[in-house]
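Colleague: How does the following fold in three dimensions:
(one chain, ligands or ions: 2)
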Amino acid sequence: MKTAFITGATSGIGKAIAQNFAKQGFRLIICGRRKEVLENLKEELAVSTEVCSLAFDVRKKDEVFAAIESLPEEFKNIDILINNAGNAHGLDPIAEGNTDDWDAMMDGNVKGLLYVSQPIIKIMKSNKSGQIINISSVAARQTYANGVVYCASKKAVDVLSEGMRIELTEFGIKVCNVQPGAVATEFSEVRFKGDVEKAAKVYEGYDALQAEDIADLVSYIVNAPERVSIADVAIFPKAQAEPRTVFRK
Ligand code: NDP
Ligand code: 8X3
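Modeller: Ligands and ions are numbered 1, 2, ... in the order given. Just a heads-up that it's a prediction; the model follows:
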């Protein structure tokens, strides 16, 4: 039985990946900050598989390290790490951007990913096997006005994925970078600080990706033959040519 560690499992893409993996019988470690949501998901998934929940903020390294250290013995041998936790905060030009939003994106999307990865990479290195999937974004491929800091944070994820692949291939660890286009999740509600109407507009007038589409892709990646390393994948809604196609105002 494979053991998978999924960050940002309380909603959207991470939740869909957790549900998909549970159906396949993977042992799961689900993470997020919202304890109650996490506990409800654990109850749902426990019908199909063994589940451990860890509530922590990826930005707080002491919390991250303590949470991973606290894993029960049977969950410690992690085979798959899905670095998915992250969000965009605000949609403003640099001149007017809120610096707290910048901190949230850089600390969460970039440093948080590193804090989670380090202890798990150590486990994978000692096992001489493992697979890491980092959820980047098409925002890393095409910078767009008002989203520059988010784009920069995802560009950093691309670089971290490449760097991890370079450092970890010799230890039998596969690393994949996934760049989704517009996926209808809580993402835009977070970006627009709870403005549900504004968030819904982002997905109007076209058929946006669903979180399950990304989960299907991730399932394909983790189930590929051992000899196959899928390095980079971009996945768009049919109607989206590049990130600026999406309506965000
Ligand atoms: P959601 O807002 O639905 O989910 C975000 C998840 O990340 C939640 O589970 C949230 O959990 C968790 N999270 C956010 N910040 C933190 C933090 N500081 N510490 C711990 N967990 C955190 O959005 P998506 O599912 O869409 O986003 C998932 C990933 O996909 C993100 O990295 C995003 O950048 C990326 N992405 C999304 C796209 C989209 O169009 N939706 C497109 C391309 C990439 P909690 O609040 O409980 O902590
Ligand atoms: C989320 C997709 O295009 O809003 O990463 O930046 S986008």
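
Colleague: residues in contact with residue 122?
Modeller: Contacts for residue 122 were tallied using Cβ atoms under 8 Å, 6 or more residues apart in numbering; there are none. C-beta: built from backbone N, CA, C; applies to glycine.

Colleague: Surely it forms part of a helix?
Modeller: Yes - under DSSP: H, G, I helix; E, B strand; the rest coil, residue 122 falls within a helix.

Colleague: From residue 15, how far off is it?
Modeller: In this structure, residue 122 and residue 15 are 27 Å apart, going by Cβ to Cβ, to the nearest Å.

Colleague: go on, residue 117?
Modeller: From residue 117 across to residue 15, the span is 21 Å (Cβ to Cβ).

Colleague: for this protein, what spans make up the helices?
Modeller: When assigned using DSSP state H, the helices of the chain occupy the ranges 12-23, 35-45, 61-69, 99-105, 113-127, 148-168, 187-191, 196-201, 211-223.

Colleague: Run through who's touching the third one.
Modeller: What it means is helix 61-69. Applying Cβ under 8 Å, 6+ apart, the contact partners of helix 61-69 are 31, 54-58, 111-112, 115-116, 119-120.

Colleague: would CSV of these with neighbour count, distance to ligand 1 and pLDDT be doable?
Modeller: Converted to CSV, these look like this (neighbours: other Cβ atoms under 10 Å; distance: Cβ to the nearest ligand atom, whole Å; pLDDT from 0 to 100):
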residue, neighbour count, distance to ligand 1, pLDDT
31, 28, 7, 99
54, 20, 10, 98
55, 17, 8, 98
56, 23, 7, 98
57, 17, 4, 98
58, 26, 4, 99
111, 17, 10, 99
112, 24, 6, 99
115, 21, 10, 99
116, 24, 9, 99
119, 15, 15, 98
120, 18, 15, 99
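
Colleague: What's the local residue count around residue 98?
Modeller: Burial of residue 98 is recorded as 13 neighbouring residues (other Cβ atoms under 10 Å).

Colleague: picking up where we left off before, the more surrounded of residue 117 and residue 15?
Modeller: Between residue 117 and residue 15, counted using other Cβ under 10 Å, residue 15 has the larger neighbour count: 26 against 21.
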